Every structure is written in C-alpha cells, then in structure tokens.
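> Give me the fold of what follows.
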Amino acid sequence: MSNMIPPGNYRIANVRYPNRYVCMSENKEFVGNDAGNIIQVIVTDQVQHLVNLFDTVTSVYIGVDKEDNKVKSYPAPRVLQLSSNDGKKFEIHAKDENNVWVLNNDGNRAYIVLEPAPDSDKKYWTFENVE
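Just a heads-up that it's a prediction; the model follows:
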C-alpha cells in the first residue's frame, strides 16, 4: 500500500511543531499537546487511504466538525482520509474534502482546526509507531 501507514497505535505529531501531539482537551476538541494520546489507526480502505482514528486514552473516535471547522471526539467511527506524497508526512481530512487538519501555532494545547491546506508544514502530520 503505497504512501499509506499500516494499522496500529501511534502518537500523531505536527510537522511544523514536532513537539505537539494530538490530544483531547477537556471540551472534547483536539489540540496540539506536549504529551499526546495514543491513537489507534484502523485502516478501512487501503486504496483510498481511509481510516478511523480511535483515541485509546479517552475511548473516543476522532472526526471533523465541518460547521465549527474543528477536530472533535465522537462515540462512533468517523471516516478520515490520509493524503501523502512521500508516505511520511500526511494531510488528514474528511474523505474527498479540501479542508485539512492544521495546527496554527506552537502553544501547548492550541486547537487543531480545519482549513484549506496552507503552503506550510503546519498542515502535515507524522505517525510515530508506539508498538
């Protein structure tokens, strides 16, 4: 499966701010934090690069709220798509959507938002295997 990560448990780090990992905040929205949660990647379609992301610490699925343009928690799986040219840095977004996860600053607990893909590394995420 070219340019796709295998299923497994990962810490997801932002490329522009590599010390910021995906973590759920108190209000059930996801932020960049210095101690990220372990996220289980469940590959649902290898060809289209579709996944479900499950936060193993809080037992919720990660999805996108298109109205609020935020990354939030959900009780049931949400389909996300991973896009990559090199298989190392990924854009994360809803299937066939142009708005991607973006971390706009290096502040601890800065919100991960949905935006049109900017011309910077703040739109890319790496998956660090923890198994």
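> where in this structure is pLDDT low?
Residue ranges of the chain with pLDDT under 70: 1-2.
> Grab the nearest non-local neighbour of the residue nearest the centre of the chain.
Centroid check for the chain by Cα atoms, centre = their mean gives residue 92 as the closest residue, at 5.4 Å. The shortest distance from residue 92 to any non-neighbouring residue, by Cβ to Cβ, 6 or more residues apart in numbering, is to residue 101 (4.4 Å). (C-beta placed from N, C-alpha, C; glycine too.)
> and the residue nearest to the centre of the chain, what element?
Using DSSP states H and E, residue 92 falls within strand 91-94.
> now for that strand, which elements pack on it?
strand 60-65, strand 80-83, strand 99-103 (3 or more Cβ pairs under 8 Å, 6 or more residues apart in numbering; DSSP states H and E).
> for those strands, which one sits closest to residue 19?
Closest to residue 19 of the helices and strands packed on strand 91-94, according to Cβ to Cβ: strand 99-103, at 11.0 Å.
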